[in-house]
Every structure is written in structure tokens, then in C-alpha cells.
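Asker: Fold the following.
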Amino acid sequence: MTPDYKNQLRLEDEFTFACHRGLECYTSCCRDVTIMLTPYDVLRLSRAIGLTTTEFIDKYTQVVQLPNKVLPMVQFRMNDEDDKKCYFVRPHGCQYYEHRPWACRMFPLDEFSKGGFQIVTNPERCHGLAKGDSWKVRDWLMDQGATQSKEMDGGYESLVAHEFMNRPVDIDNPKVQQMLLLALYDLDRFREFVFKSSFLERFDLDQDTIDAAKMDDLALLDLAYAWVRFGLLGQKSLKLKDVEAQNEADDGAKN
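Answerer: Purely as a prediction, here's the structure:
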């Protein structure tokens with residue numbers, strides 16, 4: 001039997017769920033929902049669609065800056081011209097199912113920030129909760145690729161969890177917000193920034209890191225995380241070529 005959808009579930013707990021065309025509610029969960037995208041979500045979807053990250057962000061998302069939150073958030077927009085459905089949903093299901101965001105992989109579950117899971121809907125709205133198969137939470141996450149997707153976003157998860165990100169701080173400088181959005185989500189523009197600005201003149205990167213950032217999106221994303229940690233948190237995730245500038249940066253991080 002499906003647990004009360006308000007109860008907290010652990011990895012070994014079981015719930016009932018299925019999603020297929022035979023259910024009357026099929027694809028209804030893909031309408032008028034709030035989906036926050038991770039950097040890996042944006043990267044993966046933009047590549048699957050054949051858009052640059054800049055084009056994807058402009059066309060399919062809106063940037064949300066919550067009060068007292070340092071990092072900007074990118075929310076997937078629903079299609080207002082089609083009953084607020086997901087842009088990618090079709091009668092047969094998701095057009096980009098293999099590349100769907102982490103939140104979609106999790107459904108019908110959500111994860112609490114301090115651990116544990118919760119069923120986010122009920123059998124009246126989601127018939128698959130009453131007519132589905134029995135799953136352990138752990139097995140469901142593995143089956144849907146939610147675990148692997150979260151591992152790929154490990155750098156972002158550790159940033160979000162940092163204490164600096166979770167205290168009342170307002171960064172009202174629009175340039176800072178733009179640079180955070182650039183580094184975390186708009187990787188194609190960040191690549192241009194790395195290779196067409198003074199970035200490589202300022203930071204001491206080995207040639208393997210430089211070569212990887214040119215060709216490998218995930219390596220570039222790792223470099224972006226390192227840059228945010230250096231500039232925002234004062235961590236020694238990157239090294240400046242100028243020793244005096246490095247010392248000034250270290251002193252600034254201590255103050």
C-alpha cells in the first residue's frame with residue numbers, strides 16, 4: 001500500500017507507482033509545475049535540443065533571484081500558449097525523456113534538504129500511485145537515473161550547501177549576479193569568457209585543464225565551480241599567476 005503522501009520516506013521504504021499511457025492522468029504532471037533546473041540539467045537539455053546554453057536559457061527559462069539568497073536560480077518555464085504545459089511534452093510522453101531534469105526523474109518523490117523523501121502528489125491526481133508497482137525509494141532513484149544525475153551535479157550541490165549560501169546576504173550588484181549565472185548555467189558564454197578575456201592571463205592553469213575546458217563541457221563546468229568558489233567564497237580553488245595578487249586575495253578572504 002502506498003504510504004500517506006505527507007509522510008517522510010527513507011531509502012529502504014516502499015511506495016507504489018507507475019506512469020504509462022494507460023493511465024487517465026498520463027502527462028498531466030507535466031503541466032503548470034515549478035521545476036528548478038540545475039546547471040547539469042541546463043547543459044544536458046541544451047545539448048540534446050541542439051541549442052547553446054544561452055539560447056536555451058533565453059527561450060525556455062526564467063532567472064529567479066530569491067531574497068537573501070546568493071545564487072541565482074533558473075526555473076523552467078511552462079508554455080503559456082498551450083495550457084501551461086511543458087514545452088517538451090507530447091501525447092506519447094516527453095520528447096527529451098532521456099535528458100529530462102533531475103526533478104522529473106525524482107517524480108513522484110521530492111527530497112528534503114536534511115534527508116529523507118516525500119511523495120509530492122496523491123492517488124486522486126496521480127493514478128499511478130494506486131495502480132502501480134511496488135518500489136523501494138533507493139531502487140526507484142537508481143532506475144530513473146536520479147542518483148547518477150545528482151552525482152553529476154555534485155559541485156553545484158556542495159556550493160548550495162555551503163554556509164555562506166544559506167545566511168541572509170543580499171548581493172545587489174547586478175554584475176556579480178550576471179557572472180554567477182554565466183559560470184553556473186551559461187557554459188557556452190563562460191567558455192568564451194575563459195578563452196577570449198584575460199582569464200588565462202590571470203589564473204595559473206595547467207595545460208591539461210585548459211585543453212579539457214576547450215572540448216569537455218563537464219571539465220568546463222568544474223572550472224566554473226572552482227572560479228565561483230575562488231571569487232565568492234575566497235577558497236584556494238584557483239591560483240593566480242601574480243603572486244602579489246594571490247596574497248591580496250588570500251588576505252581578503254581572511255578579512
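
Asker: Which residue is the nearest non-sequential neighbour of residue 130?
Answerer: In space, residue 130 comes closest to residue 123 once its chain neighbours are excluded; the distance is 4.1 Å by Cβ to Cβ, 6 or more residues apart in numbering. Backbone N, C-alpha and C define where each C-beta goes, glycine included.

Asker: Any idea how many residues pack against the one you found?
Answerer: With neighbours defined by other Cβ atoms under 10 Å, the count for residue 123 comes to 16.

Asker: Equivalent analysis for residue 164, please.
Answerer: That count, for residue 164 with other Cβ under 10 Å as the rule, works out to 12.

Asker: Can you name the residues that contact it?
Answerer: 70, 232, 233 (Cβ atoms under 8 Å, 6 or more residues apart in numbering).

Asker: okay, the residues you listed in JSON lines with neighbour count, distance to residue 139 and secondary structure next?
Answerer: JSON lines is the format used below for these (neighbours: other Cβ atoms under 10 Å; distance: Cβ to Cβ, whole Å; DSSP: H, G, I helix; E, B strand; the rest coil):
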{"residue": "70", "neighbour count": "22", "distance to residue 139": "36", "secondary structure": "coil"}
{"residue": "232", "neighbour count": "19", "distance to residue 139": "37", "secondary structure": "helix"}
{"residue": "233", "neighbour count": "15", "distance to residue 139": "36", "secondary structure": "helix"}
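
Asker: Could you find the closest non-adjacent residue to the residue most central in space within the chain?
Answerer: Nearest to the mean C-alpha position of the chain, by Cα atoms, centre = their mean, lies residue 38 at 0.8 Å. For residue 38, the nearest residue in space outside its immediate sequence neighbours is residue 153; the separation is 4.6 Å by Cβ to Cβ, 6+ apart.

Asker: what's the pLDDT at residue 229?
Answerer: According to the prediction, residue 229 has pLDDT 92.

Asker: If we go by neighbour counts, what in the helix or strand harbouring it is buried?
Answerer: Following DSSP states H and E, the helix or strand that holds residue 229 is helix 217-233. Applying a neighbour-count criterion of 16 or more other Cβ atoms under 10 Å, one finds 217, 219-232 buried in helix 217-233.
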